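*Asks:* Kindly return the folded structure for what I paste below:
(one chain, ligands or ions: 1)
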Amino acid sequence: QTGESGYRRVLLKLGGEMFGGGSVGVDPDVVGTIARQLAEVVANGVEVAVVIGGGNFFRGAELQQRGMERARGDYMAMLGTTMNCLALQDFLEREHGIDTRVMTAISMGQVAEPYIPRRASRHLEKGRVVIFGAGTGMPYFSTDTAAAQRALEIGAEVVLMAKAVDGVYSADPRTTPSAELFENITHREVLERGLKVADATAFSLCMDNHMRILVFNLLVEGNIARAASGAKIGTLVST
Ligand code: UDP
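*Replies:* Numbering: from 1, shown residues only. As a prediction, the model looks like this:
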């Protein structure tokens, strides 16, 4: 379903670190830029679901290294992702008048709906942006895995994996200047070459279920709309 007609339903995965603009907390400039680009995607008639990471607040594994219990750290980190979701919701609604729903994997009724898959699909059909918070709701998982799982469950056609680089390279372009940027690559080739697109759990979910992943550069203005329209940017991982 790629090409001129673009995608009908996409799942956008945003890393928490970008949301924080490199520090702890939320950077309104970054959130504003992302909201503006998402407004473009919605205007193009694409159904958009979003999963946001939480690295700008906490990571369970890091808290564990500092002596905390891993699962508790993971729960703290999942709550952190929800703050990012609320920030994005605010910018989408206030600056662009776009209807949004935050749906969380951990119930917090005052600020978000619980994640109910069929309700999420209804929201999307009505043109609302659905923002999934609190990851999968389970410690030891990642928001990449939440992105893969949600994409599969709501029938998204692709996971748009926003990064701070242009796509998937044959080697680290910072240390290997001759590194080649792939336009297309298969899931299997990613594994065989030991390349990193997402964490292993998330990636194997996508591979096993033929979920496409488009890795693209979020730092280029307009790239979210390009990615959602099926334009040839970044690296498309498919079967
Ligand atoms: N997390 C979790 N289960 C999930 C999703 C996230 O326990 O299903 C926790 C985990 O501690 C993770 C943190 O939330 O490190 C933030 O998520 P992630 O590292 O995926 O965020 P990103 O790197 O995308 O900002």
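*Asks:* ranges for the strands of this protein?
*Replies:* Residue ranges of the strands in the chain, as given by DSSP state E, are 9-14, 47-52, 100-104, 113-114, 129-133, 158-163, 184-186, 212-217, 235-238.
*Asks:* Nearest to Ala151, out of those strands?
*Replies:* strand 9-14 (3.9 Å; CB to CB). Quick note: C-beta positions are derived from backbone N, CA and C, even for glycine.
*Asks:* Redo the strands of the chain as a markdown table? Include mean neighbour count and mean pLDDT.
*Replies:* Conversion of these to a markdown table gives the following (neighbours: other CB atoms under 10 Å; pLDDT from 0 to 100):
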| stretch | mean neighbour count | mean pLDDT |
| --- | --- | --- |
| strand 9-14 | 26 | 98 |
| strand 47-52 | 28 | 98 |
| strand 100-104 | 22 | 98 |
| strand 113-114 | 16 | 98 |
| strand 129-133 | 28 | 98 |
| strand 158-163 | 25 | 97 |
| strand 184-186 | 15 | 98 |
| strand 212-217 | 24 | 98 |
| strand 235-238 | 22 | 98 |
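*Asks:* distance between the ends of stretch 7-27?
*Replies:* Between the start and the finish of stretch 7-27 there is a gap of 29 Å, counting by CA to CA, to the nearest Å.
*Asks:* Centre of the chain to that stretch, how far?
*Replies:* Taking the mean of its C-alpha atoms, stretch 7-27 sits 7 Å from the chain's own mean (CA atoms, centre = their mean, to the nearest Å).
*Asks:* what comes up buried for that stretch?
*Replies:* 7, 9-16, 18-20, 26-27 (16 or more other CB atoms under 10 Å).
*Asks:* what's the answer for stretch 172-188, then?
*Replies:* Neighbour-count burial for stretch 172-188, with 16+ other CB under 10 Å as criterion, is recorded at 182, 185, 187.
*Asks:* check contacts around Gln149.
*Replies:* Applying CB atoms under 8 Å, 6 or more residues apart in numbering, we find Gln149 in contact with 136, 205.
*Asks:* Now do it against the ligand, distance only.
*Replies:* If you measure Gln149 against the ligand using CB to the nearest ligand atom, to the nearest Å, the figure is 9 Å.
*Asks:* how near is that residue to Met138?
*Replies:* When distances are taken as CB to CB, to the nearest Å, Gln149 and Met138 turn out to be 10 Å apart.
*Asks:* for Lys126, same thing?
*Replies:* As it turns out, when the distance is counted by CB to CB, Lys126 lies 29 Å from Met138.
*Asks:* Look at these two and report which has more neighbours.
*Replies:* Met138 (15 against 10; other CB atoms under 10 Å).
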